[in-house]
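In: model the following, please.
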Amino acid sequence: MAALNFQIDGKDPQSKARAGRITTDHGIIETPIFMPVGTAGTVKAVPQRDLSDDIHAQIILGNTYHLYLRPGTHVLETAGGLHKFMDWKRPILTDSGGYQVFSLSDRRKITEEGVTFSSHIDGSKHLFSPETSMDIQRCIGADIIMAFDECPPYPSDYGYARESMERTHRWLDRCIAHLDATPVKYGFDQHLFPIVQGSMYKDLRVASAEAIAERDAAGNAIGGLSVGEPHEDMYAMTEVVCGVLPEDKPRYLMGVGTPENLLENMALGVDMFDCVMPTRNARHGLLFTWNGTFNMKNEKWSNDHSPLDPQGTSPVDSRYSKAYVRHLLKANEYLALYICSVHNLAFYLELARQARAHILAGDFTEWKNAVVPQLNQRI
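Out: Model prediction:
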């Protein structure tokens, strides 16, 4: 399998932030990058054309658990993979299915072989193992695929966190072996990212990062954070892990987070992020802007005919007024979900682009410290 190319274009002199470029067979990803979540082969409420043309998404996520259950790998294979199935020509990353399976605490059982679980759709029984996760992700055809891991709950006691971490490492070796033994399906390379675990224990995080670094994978991910712990603990664990993981490989912090979370973790050396927050909050009318967050359902916007966001970078921001979007939300019109989702995703992608520009300019830390208080305001 060809190596994933990662080039560092610049570093911030006052932090560990870096601007880079990841080259895949479906295109280049400029980092730091935020990746919209397309759980079931769609980023909720947003057409693929708008993702590429208006939001400028460079890479999106697919969800192994959901795509396996519906439409199923046989459908994806006959379509020629997820890229063709959903008409998306840029890179895709898939998770391993582990997080969704482990979140089903009342309907799954963990063994050394893997995880047996009941479908949330029809209750049918299934097994996810390192090998089946690799097979499913081969069928989906993502450019970047994740190793099958166990995400321990928060909080976890030390003994369980260690046991879970060691099982994740054993599963990783099985993922690597199985991937090496199976050919690519669609004529382009797929690249495996192992996942660092260890809960909130520094020594476990160090041990896991060292074990992952030894595998010399194409890139590395940090899992088990943003699961309910205080932000200070997230930053502390990220800093520890980034201090161990190799600098010449991209680092992906899974499931994070708020605009502030993104910037603070960029400063610690993280390159890639994903989170459902921008689209999930959008569907409830909560918008992110450079001046803070505001709830479009509030009465004070009912007769405000100013642009949705004068500083926004997507067409919806100048095209629609606050009063109109509030009206759509209160009337439960589907168009509201589209407008708010496009706005929030465009904001997150612009945040990443601005961060990259300031890293390259050498003033990322000053810029971050100035904008974070603004981002945290509630309007």
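In: from Ile140, how far out is His66?
Out: Separation of His66 from Ile140 (CB to CB, to the nearest Å): 11 Å. Where C-beta positions appear, they are placed from N, C-alpha and C, glycine not excepted.
In: for Lys322, that is, sorry about that
Out: Taken as CB to CB, the span from Lys322 to Ile140 is 39 Å.
In: who's more crowded, those two?
Out: Ile140 (26 against 21; other CB atoms under 10 Å).
In: and the pLDDT at the more buried one?
Out: Predicted confidence (pLDDT) at Ile140: the value is 98.
In: cool, the one 5 residues further on as well?
Out: Ile145 carries a pLDDT value of 98.
In: how about Val46?
Out: At Val46, pLDDT is 98.
In: might one say that it is in contact with His343?
Out: No - with contacts counted by CB atoms under 8 Å, Val46 stays clear of His343, the gap being 10.5 Å.
In: if you count what's nearby, which of those two comes out ahead?
Out: When Val46 and His343 are compared on other CB under 10 Å, the one with more neighbours turns out to be His343, at 27 against 24.
In: hang on, isn't that one packed against Leu308?
Out: Yes - under the criterion of CB under 8 Å, His343 makes contact with Leu308 at 6.4 Å.
In: who touches both of those two?
Out: Residues touching both His343 and Leu308 (CB atoms under 8 Å, 6 or more residues apart in numbering): Leu287, Val316, Asp317.
In: those residues in helices, which ones?
Out: Among these, DSSP state H puts Val316, Asp317 in helices.
In: now render the shared contacts of His343 and Leu308 as CSV, adding neighbour count, pLDDT and distance to Asn261.
Out: CSV is the format used below for those (neighbours: other CB atoms under 10 Å; pLDDT from 0 to 100; distance: CB to CB, whole Å):
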residue, neighbour count, pLDDT, distance to Asn261
Leu287, 24, 98, 17
Val316, 21, 97, 24
Asp317, 21, 97, 23
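In: tabulate the shared contacts of His343 and Leu308 (JSON lines), appending distance to Leu329.
Out: Listed next are those as JSON lines, based on distance: CB to CB, whole Å:
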{"residue": "Leu287", "distance to Leu329": "11"}
{"residue": "Val316", "distance to Leu329": "14"}
{"residue": "Asp317", "distance to Leu329": "16"}
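In: just give me the closest of the shared contacts of His343 and Leu308 to Tyr338.
Out: Val316 (7.9 Å; CB to CB).
In: hang on, isn't that closest one packed against His343?
Out: Yes - taking CB under 8 Å as the definition, Val316 is a contact partner of His343 at 5.6 Å.
In: identify the contacts common to those two.
Out: Common contact partners of Val316 and His343 (CB under 8 Å, 6+ apart): Leu308.
In: which helix is the longest one in the chain?
Out: Longest helix in the chain, counting by DSSP H: helix 334-361.
In: which residues in the stretch 151-300 of the chain form strands?
Out: 191-193, 195-196, 220-222, 251-253, 272-274, 286-289, 292-295 (DSSP state E, counting those that start in this stretch).
In: most neighbours per residue, which of the ones you listed?
Out: Each of the strands of the stretch 151-300 of the chain was scored by mean neighbour count; the highest is strand 195-196, a mean of 30, by mean count of other CB atoms under 10 Å.
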